[in-house]
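[1] no sequence for this one, just the structure:
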């Protein structure tokens with residue numbers, strides 16, 4: 001009988017949820033960002049956009065991509081509706097906190113369909129939950145290829161530079 005009691009105790013203990021263990025803010029942010037990226041990979045529109053504040057800003061890889069949450073939702077909805085958004089996986093992430101622990105910022109290297117990208121952002125803590133206030137997605141360029149990339153970008157971005165500096 002004692003063996004069965006110990007076995008039952010082991011089963012119950014091993015089934016206890018990780019959520020029972022208090023998480024640090026860094027762990028909460030790590031989980032939230034990983035889940036946010038997974039929501040896009042699963043094309044879960046609601047779950048993905050629930051992690052952004054209502055006044056959030058998303059900046060994409062194109063210089064013209066500076067979207068409010070509503071604008072970003074309008075851009076992204078057709079991709080999510082097709083069941084195929086994007087699939088980013090964090091390979092390395094750094095997280096930093098303000099002194100009062102109400103604001104955090106991060107940078108991460110992502111494995112994406114565009115190869116390595118860099119994501120960075122600002123998070124705010126609202127009612128105990130971390131939310132994305134700003135996110136910036138950038139493609140990385142190996143230093144030895146910068147000149148090639150500039151040649152490709154110049155015809156497109158020279159017009160934008162002229163427009164923005166007038």
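    That came in fine, so what should we check first? Fair warning: this is a prediction, and the values are worked out from it, not measured in the lab.
[2] and the gap between residue 50 and residue 113?
    24 Å (C-beta to C-beta, to the nearest Å). In short, each C-beta sits where N, CA and C put it, glycine included.
[3] Neighbour count for the two, which is higher?
    residue 50 (12 against 8; other C-beta atoms under 10 Å).
[4] need the contact list for the closest residue to residue 107 other than its chain neighbours.
    In space, and not counting its chain neighbours, residue 107 is closest to residue 120: 4.2 Å by C-beta to C-beta, 6 or more residues apart in numbering. The neighbours of residue 120, taking C-beta atoms under 8 Å, 6 or more residues apart in numbering as the test, are 105, 106, 107, 108, 135, 136, 138.
[5] so how far is stretch 61-74 off the chain centroid?
    Its chain's average C-alpha position is 14 Å from that of stretch 61-74, according to C-alpha atoms, centre = their mean, to the nearest Å.
[6] Show me which positions of it end up buried.
    Of all the residues in stretch 61-74, those buried under the rule 16 or more other C-beta atoms under 10 Å are 67, 69, 72, 73.
[7] try stretch 89-103
    Of all the residues in stretch 89-103, those buried under the rule 16+ other C-beta under 10 Å are 90, 93, 95, 97.
[8] Then the third one would be within a strand, right?
    Yes - assessed with DSSP: H, G, I helix; E, B strand; the rest coil, residue 95 lies in a strand.
[9] wait, it sits on residue 103?
    No - when contacts are counted by C-beta atoms under 8 Å, residue 95 is not listed as touching residue 103 (11.5 Å).
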